[in-house]
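> my questions concern the predicted model and sequence given below.
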Amino acid sequence: MLTQSDRNLLLHLLELPTAGPLEGARPELWAAQRAYAEAAAKVGFTVVQHAAPGPETLVGEHVPLSVRLAAADDPAFLADQPSLVLQLGPDLPQADTVMFNVHLDTVAGLEAVGYDGMVFHGRGAIDAKGPAVALLAGIRAALVAEPSLRDDTRILIQAVAGEEGGAMGVFGTRPLVRQGYYGRLNIFCEPTGMRLLTRCTAAMTACVRVDGEDAIDDNPDAGHNATVLLGHISQRLADTLPEHAVDGRVCVAGIHTGHLHNRVYGTGRLMLNLSYGRQETGERLAKVLESEVESALREFTACHRDHRDLARTAADAQAITKVEWHKRGLPALAPGEDTDLLDVGLTRWPDDEPAFTCDALWMAGLPGAYTAVLGPGQLDRNHAHAEGEYAEEAELAEFAAAVAKILRHFAHQKANRPLEGRAR
């Protein structure tokens, strides 16, 4: 299903480095999106919007701390990370619109670009430049098989920045959705092994900070021992938090205090990531974490108040420790009810298998909008965030065929009932 032009486009996109500032790089996203828009124009798409996000996109609790800090340090942070909106078909209401979202930014780590006749190699081959090209091939095939799509359906493509690097779509997908660029059916192109995923977790990032005083190894009791204190807290959180993450996971990540052997470090950080499938679950989990940190501090004080080297740390534990939220308040996408829209024979993501976090979370709660995540390959199997990323042409073609089926089915299943909310 992929043509030589499709292969050439994908190889060109793979040659363009598009890892963003949060990945420590300067992206060529303007060039990548222009190349993608030119290829889409041959299918019949026009550019509705191609612009960098404004500073207002970085305001709010939902904006990760890493994003705010990076933007503050880099005047070109937003200017270098545009997003593109393409449209095919007339200006129809949301009820007659299908939206596809694909990100053209990648993680860091340049990979050798190549194609051996069966497999594409390069950063973004599966996540998600390969699916972006296959998406155009699928739409092209659908238009050939169902010419009425050009007049009776509006097809939108969001080709966004800010999906990788922990940006969570706050300045890429989110503002486009808030502007109304979505449809009754919305497909987010992410590697799912071609299984339809109709839910999406969100995640919070907590930092437990200890800000005490250092000491030398000859007098360890003179300062605060952040290493021992954070170790105690991390152990308690690892024991108690998972039972409260009923629809997500708890990751007790890194502790950092220092590297030397002859110093007692009085400052340090413990990082945790907590995913959740419902916003109320996330809010409860956040409160439990804060409560458990308080309990851990009281426990530490009680256990070590008379310890030769830790007495000062025990006495001051509550005063020198606090919880910071580096990311909080993101919505989680629950399964929608309009499942007939995707009744095209695709395998469903198992109910008992955890979902993952992607930009689809910004579709949560939108009236009249049914959302699913679908794409070829798997993040681990295809080395999406590792060395040796690849995409088989056959799996890209399979995704293109699925896109064509989805669009043809949508054309046959248009609802007669009015839907609330209309796209621009």
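Right, received. Where do you want to start?
> could you find the closest non-adjacent residue to the one residue sitting closest to the centre of the chain?
With distances taken as CA atoms, centre = their mean, the residue of the chain nearest its centroid is Cys358 (3.3 Å). With sequence-adjacent residues excluded and distances taken as CB to CB, 6 or more residues apart in numbering, Cys358 is closest to Glu190, at 5.0 Å. C-beta here means a position set from N, CA and C on the backbone, and glycine is covered the same way.
> repeat for Ala384
Asp127 (3.9 Å).
> give me the pLDDT for that neighbour.
Model confidence at Asp127, given as pLDDT, is 97.
> next: Asp352.
89.
> using the three-state scheme, assign it.
With DSSP: H, G, I helix; E, B strand; the rest coil as the basis, Asp352 sits in coil.
> burial count for it?
Neighbours of Asp352 under the rule other CB atoms under 10 Å: 5.
> does the residue nearest to Ala384 touch Arg381 like I think?
No. Counting by CB atoms under 8 Å, Asp127 stays clear of Arg381, with 11.5 Å between them.
> looking at the two, which is more packed in?
Asp127 (27 against 11).
> for Val85, see how far away that one is.
21 Å (CB to CB, to the nearest Å).
> ok, now Leu16?
Leu16 is 20 Å from Val85, by CB to CB.
> over to Ala402?
From Ala402 to Val85 the distance is 22 Å (CB to CB).
> identify all contacting residues around stretch 147-156.
The contact list for stretch 147-156 (CB atoms under 8 Å, 6 or more residues apart in numbering) reads 44-45, 48, 85-92, 96-100, 139, 142-143, 181-183, 407-408, 410-411, 414, 423.
> thinking again about what came up before, mind listing what the residue nearest to the centre of the chain touches?
Glu163, Gly169, Phe188, Glu190, Cys200, Val373.
> got TSV for these, with distance to Glu283, secondary structure and neighbour count too?
Formatted as TSV, the contacts of Cys358 follow (distance: CB to CB, whole Å; DSSP: H, G, I helix; E, B strand; the rest coil; neighbours: other CB atoms under 10 Å):
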residue	distance to Glu283	secondary structure	neighbour count
Glu163	25	coil	26
Gly169	20	coil	28
Phe188	24	strand	29
Glu190	26	coil	27
Cys200	17	strand	26
Val373	24	strand	25
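> which regions of the protein lie under the pLDDT threshold?
415-424 (pLDDT under 70).
> longest single helix anywhere in it?
Longest helix in the chain, counting residues (DSSP state H): helix 279-304.
> ok, and for that helix, which residues are buried?
For helix 279-304, a neighbour-count test (16 or more other CB atoms under 10 Å) marks 279, 281-282, 285-286, 288-289, 292-293, 296-297, 300-301, 304 as buried.
> hang on, the earlier thing: and of the contacts of Cys358, the nearest to Trp349?
Closest approach between the contacts of Cys358 and Trp349, by CB to CB: Val373, at 8.2 Å.
> ok, the closest one - contacts?
Counting by CB under 8 Å, 6+ apart, Val373 makes contact with Ile187, Phe188, Cys189, Glu190, Thr192, Leu196, Leu197, Thr198, Cys200, Cys358, Ala360.
> how much space between it and Gly193?
Distance from Val373 to Gly193, by CB to CB: 11 Å.
> likewise for Asp306?
From Asp306 across to Gly193, the span is 56 Å (CB to CB).
> who's more crowded, those two?
Remark: of Asp306 and Gly193, Gly193 carries more neighbours, 16 against 8, as counted by other CB under 10 Å.
> residues contacting the more buried one?
Applying CB under 8 Å, 6+ apart, the residues near Gly193 are Pro376, Gly377, Gln378, Arg381.
> mind doing that once more with 7 Å?
Residues near Gly193 by CB atoms under 7 Å, 6 or more residues apart in numbering: Gly377, Gln378.
> list phi and psi for it.
Main-chain torsions, Gly193, degrees, to the nearest 10: phi 70, psi 30.
> same question, Ala19
phi -70, psi 140.
> what bridges to it?
Thr106 (DSSP bridges).
> which ones are touching it?
Ala25, Pro27, Asp105, Thr106, Val107, Ala108.
> tell me the two of those that are most distant?
Top of the distance list for those (CB to CB): Pro27 and Val107, 11.5 Å.
> what's around the closest residue to Pro331 other than its chain neighbours, how many residues?
Using CB to CB, 6+ apart and skipping residues adjacent in sequence, the residue nearest Pro331 is Ala364, 3.8 Å away. By other CB under 10 Å, the residues close to Ala364 number 19.
> wait, isn't Ala364 in contact with Ala332?
Yes. With contact defined as CB atoms under 7 Å, Ala364 reaches Ala332; the gap is 6.2 Å.
> and the gap between Pro354 and Cys200?
The value you get for Pro354 to Cys200, if CB to CB is used, is 11 Å.
> same check on Arg236?
Taking CB to CB, one finds Arg236 at 30 Å from Cys200.
> also Tyr182?
Distance from Tyr182 to Cys200, by CB to CB: 14 Å.
> mind listing what Arg284 touches?
His244.
> so which bits of stretch 397-415 are buried?
Within stretch 397-415, judged by 16+ other CB under 10 Å, the buried ones are 397-411.
> ok, back up a step: name the member of the contacts of Ala19 with the most neighbours.
That'd be Thr106 among the contacts of Ala19, by other CB under 10 Å, with 32 neighbours.
> what's near enough to touch the residue nearest to Ala384?
Contacts of Asp127 (CB under 7 Å, 6+ apart): Thr106, Pro191, Leu379, Ala384.
> how many residues are close by the closest residue to Ala161 other than its chain neighbours?
Nearest non-adjacent residue to Ala161, counting by CB to CB, 6+ apart: Gln81, 3.9 Å away. As a burial measure, Gln81 scores 25 neighbours (other CB under 10 Å).
> touching, Gln81 and Ala51? I think so.
No. With contact defined as CB under 7 Å, Gln81 and Ala51 do not form a contacting pair (10.6 Å).
> assumed Ala355 was part of a strand.
No. Read with three-state DSSP, Ala355 is coil and lies in no strand.
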